[in-house]
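Visitor: everything below, folded, please.
(chains A and B)
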Amino acid sequence: MTLSVILTLLASTLTSAIPIVCAALGGVISERSGIINIGLEGMMTAGAFTAVIADYYTGSPFVGLIAGIVAAAVVGYVLGIAATKFKVDQIVAGIGINVLAYAGAAYGLLLVFDQPGASKQVAGIGGPNVPVFNLSAGTIALGVFSLLCAAGLTWLIYRTPWGLRVQACGENPHAVKSAGLDPLKYRLVAVTISGALAGLGGVFLSIGYLNFYSDQMTAGRGFIALAAVIFGRWNPYGAAGAALFFGFFEALQSVLQGQVSWLPADAMTALPYIAALVALAGVTGKVRAPAADGVPY
Amino acid sequence: MKRVANVFRGPVGTLLFVLIAMSAVMLVAGSSPVDGFYYLFKGALGGPAEIAETLAQTTALLFPSLGICLAFRAGLFNIGAEGQLMLGGLAAGAIGAHFLAPGPLIVFVLLVAGFVGGALWAGLAGWMKARFAANEIISTLMLNFVALNLANYLVSGPLKSPLATGAETAPLPPAAYLPTLIPDTRLTIGLLIALALAGILQFVFSRTVFGFDLRALGEAPEAARRNSVPIKRMTWLAMALSGGVAGLGGAVIVTGELHRFNTSLSPGYGYTAIAVALVGDLHPLWICLAAFVFGILEAGGLAMQASANVPKDAIHMIEGIIIIVLAARRYIATRTETPA
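Guide: The predicted structure follows:
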């Protein structure tokens, strides 16, 4: 294995992992507050699609970035309202959000671009090419920003009064209530942030690394992110690490494709999903979820 | 009066809401709801051939919906019906292409193969849940992707028919075709099998110890545990049965319509079925009605797309809205029943 292959693998790991890292961070904040966010996949889709639409109409990838994050945060807010105000089953509502987002984006493609399957090409975030990694500066900046989000989220959850209260909401919302605070408000804000983070992942997918939206381009990454949350023990660094691990398998798949003849291409495509399955079986049961995770208050 | 109001909150109220939401989506697409609904219903119910197609879609949706119903009732969120359907179809197609048996026996063998294929695939997730406490939502979904890749690999490699240009298994012998109900349509006796299955499920839920334990697991796991319900065994068993029912659906599509296996088996029946199961309130008999309504949407949706220029994705969007609204409806129902 030459140095160039290793560098390609490294760069490819980064680009494959970043969307999963962002969504996994979103999963962490949401689950720490007590809401299981099955809708991460849909929020990524909303972010990826809206970014392309905004980019298409304004010609500015930066506007696309902001619009994508905001749209996904709105979807997060909707799940939050459903899970707090209406006390609906979080899992059912999350499934609904995924279905709605997939179909909404497919419908939107027809309405805006008048073509099914994929959008027209828009301006990617891009920037000058960074030689060693062979990635654009914008892609790398967004990637670094995502990793910084892990640090920021760690600080937010463990070092701020707000974060400690969010943790308390996930462990024992009744205790939060008896301290005179409204756990539902904390949960609502946490799920909205969760949506924004998942949206960032989606934006990276569509205009951060590529320059278009295609149908179901999130391809289950929101669910792999949920596995990363568990694998990372509901901790931002842990989840980001697990996401990098899954990203590595996705990268391995794309690097190995065409290099190794004995392993069929379909087996390689399945690699990240199999890795997530094995990780899920290997780690759960040994770790403990927040006590009130998924329990309506 | 109160009873009327309750019915309105139930499936009928949802249906009304859906009609309003659909009108809105049609307006956004730039066509009038009158046209849209006209072509939708004409395409779904306009004549014997149209009705047969609608019922064929109903059949295809009914199996995975009943499978999902079984798992959800046990508190297991099996969202992998798509993969289980695929594996069931794959098992039936793979065996049917190489296995020769006299007459009706072969159809029976292939249907059993479909059930076993789906059951093994879902049972894997059930076993992971029972043994490692692995979250079944994530595992069943991951297995969907793996199933699709596995099927793709097999039909373009080891199981590929040497005669076919596309990626598909060798065709089944005509003896393995599921009999049709109306000649020259896709409507087969699969519909009757599905309806019988719904009846059986209803009986199991309401009249058997197994069904009681299954519901206890979903509704009050702690009570189930204290009453010595074997939680782990029930977990993998419920998952396996759930996947088996979905897999049976895959085999019905293979023996009834495709007469071979390829990955075009399902345009997402396994995902739509989640909405069907929830619309049917996880109640097997209501699910039959819900599957018929969705059958109308699926069959009529194509006609609507062609004639009224409303994209079929609009219908899937509605499904997402339905799922969210249903989750909220539960809340409204429980709130009004208990005095505040």
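Visitor: A:Ser178: neighbour count?
Guide: By other CB atoms under 10 Å in any protein chain shown, the residues close to A:Ser178 number 9. C-betas here are computed from N, CA, C, even on glycine.
Visitor: just give me the neighbour total for residue 32.
Guide: Picking chain A for this. Using other CB under 10 Å, the number of residues around A:Arg32 comes to 27.
Visitor: my bad, chain B
Guide: 12.
Visitor: spatially, what comes nearest to it if we skip its sequence neighbours?
Guide: B:Met26 (7.1 Å; CB to CB, 6 or more residues apart in numbering or on different chains).
Visitor: contacting residues around that neighbour?
Guide: Listed by CB atoms under 8 Å, 6 or more residues apart in numbering or on different chains, the contact set of B:Met26 reads B:Ser32, B:Pro33, B:Asp35, B:Gly36, B:Phe37, B:Ala308, B:Val310, B:Ala314.
Visitor: 7 Å instead, please
Guide: By CB atoms under 7 Å, 6 or more residues apart in numbering or on different chains, the contact set of B:Met26 is B:Pro33, B:Gly36, B:Val310.
Visitor: all helices of chain B, in order?
Guide: Taking DSSP state H, the helices of chain B run over residues B:2-9, B:11-28, B:33-45, B:48-73, B:81-98, B:103-132, B:136-156, B:190-207, B:209-219, B:221-226, B:231-253, B:269-279, B:284-307, B:313-337.
Visitor: can you tell me how far the residue in chain B positioned nearest to chain A sits from B:Phe41?
Guide: Relative to chain A, the nearest point of chain B is B:Gly320 (2.7 Å; CB to the nearest CB). Relative to B:Phe41, B:Gly320 is positioned 22 Å away (CB to CB, to the nearest Å).
Visitor: what about these two, which has more around it?
Guide: It is B:Gly320, of B:Gly320 and B:Phe41, that has more neighbours when counted by other CB under 10 Å, with 21 against 16.
Visitor: in the stretch 51-200 of chain A, what residue lies closest to chain B?
Guide: A:Leu100 (2.7 Å).
Visitor: returning to what we had before: the residue of chain B closest to chain A contacts A:Gly96, doesn't it?
Guide: Yes. Between B:Gly320 and A:Gly96 a contact is recorded at 5.2 Å, counting by CB atoms under 7 Å.
Visitor: between these two, which contacts overlap?
Guide: Among the neighbours of B:Gly320, none is also in contact with A:Gly96 (CB under 7 Å, 6+ apart).
Visitor: what sits closest to the residue of chain B closest to chain A if chain neighbours are left out?
Guide: The shortest distance from B:Gly320 to any residue other than its chain neighbours is 2.7 Å, reached at A:Leu100 (CB to CB, 6+ apart).
Visitor: give me the pLDDT for the one you found.
Guide: Looking at A:Leu100, its pLDDT reads 91.
Visitor: for it, phi and psi?
Guide: Phi and psi for A:Leu100, reported as degrees, to the nearest 10, are phi -60, psi -40.
Visitor: in contact with it, which residues?
Guide: A:Gly42, B:Met317, B:Gly320, B:Ile321, B:Ile324 are the contacts of A:Leu100 under CB under 7 Å, 6+ apart.
Visitor: now for the first one, how many residues are close by?
Guide: Residue crowding around A:Gly42 was assessed by other CB under 10 Å; the count is 32.
Visitor: next: the last one.
Guide: Using other CB under 10 Å, B:Ile324 has 24 other residues around it.
Visitor: just to check, it is in contact with A:Gly96?
Guide: Yes. The criterion here is CB under 7 Å, and B:Ile324 meets it with A:Gly96 at 3.7 Å.
Visitor: I'd like the distance between the closest residue to B:Val325 other than its chain neighbours and B:Ser23.
Guide: For B:Val325, ignoring the flanking residues on the chain, the nearest one in space by CB to CB, 6+ apart is B:Phe17 at 6.1 Å. To B:Ser23, B:Phe17 is 11 Å away according to CB to CB.
Visitor: ok, B:Thr169 next?
Guide: Distance of B:Thr169 to B:Ser23, computed by CB to CB: 43 Å.
Visitor: can you pick out the residue with more neighbours from those two?
Guide: Between B:Thr169 and B:Ser23, counting by other CB under 10 Å, B:Thr169 is the more crowded of the two (27 against 15).
Visitor: wait, the more buried one touches B:Ala94, no?
Guide: Yes. Counting by CB under 7 Å, B:Thr169 does reach B:Ala94; the two are 6.1 Å apart.
Visitor: what sits in contact with each of the two?
Guide: Residues touching both B:Thr169 and B:Ala94 (CB under 7 Å, 6+ apart) are B:Leu159, B:Phe261.
Visitor: longest helix in chain A, please.
Guide: Per DSSP H, chain A has its longest helix at helix A:3-32.
Visitor: flag the shaky bits of the chain, pLDDT-wise.
Guide: Answering for chain A, as no chain was given. A:1, A:258, A:284-286 (pLDDT under 70).
Visitor: I was thinking of chain B, sorry if that wasn't clear
Guide: In the prediction, chain B carries residues with pLDDT under 70 at positions B:1-11, B:14, B:328-340.
Visitor: list, one by one, the residues from it near chain A.
Guide: Residues of chain B found near chain A, taking CB under 7 Å from any CB of the partner chain as the criterion, are B:77, B:79, B:128, B:132-135, B:137-139, B:141-142, B:145-146, B:149, B:152-153, B:157, B:271, B:274-275, B:278, B:311, B:313-314, B:316-317, B:319-321, B:323-324, B:327-328, B:330-331.
Visitor: if any of these are buried, put those into a PyMOL selection.
Guide: Here is the PyMOL command that selects the buried residues among the residues of chain B next to chain A (16 or more other CB atoms under 10 Å in any protein chain shown):
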select buried, chain B and resi 77+79+128+132+133+134+135+137+138+139+141+142+145+146+149+152+153+271+274+275+278+311+313+314+316+317+319+320+321+323+324+327+328+330+331
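Visitor: tally up the residues packed near B:Thr208, please.
Guide: By the criterion of other CB under 10 Å, B:Thr208 has 11 neighbours.
Visitor: kindly report the same for B:Pro230.
Guide: With other CB under 10 Å as criterion, B:Pro230 counts 13.
Visitor: nothing else from me, thank you.
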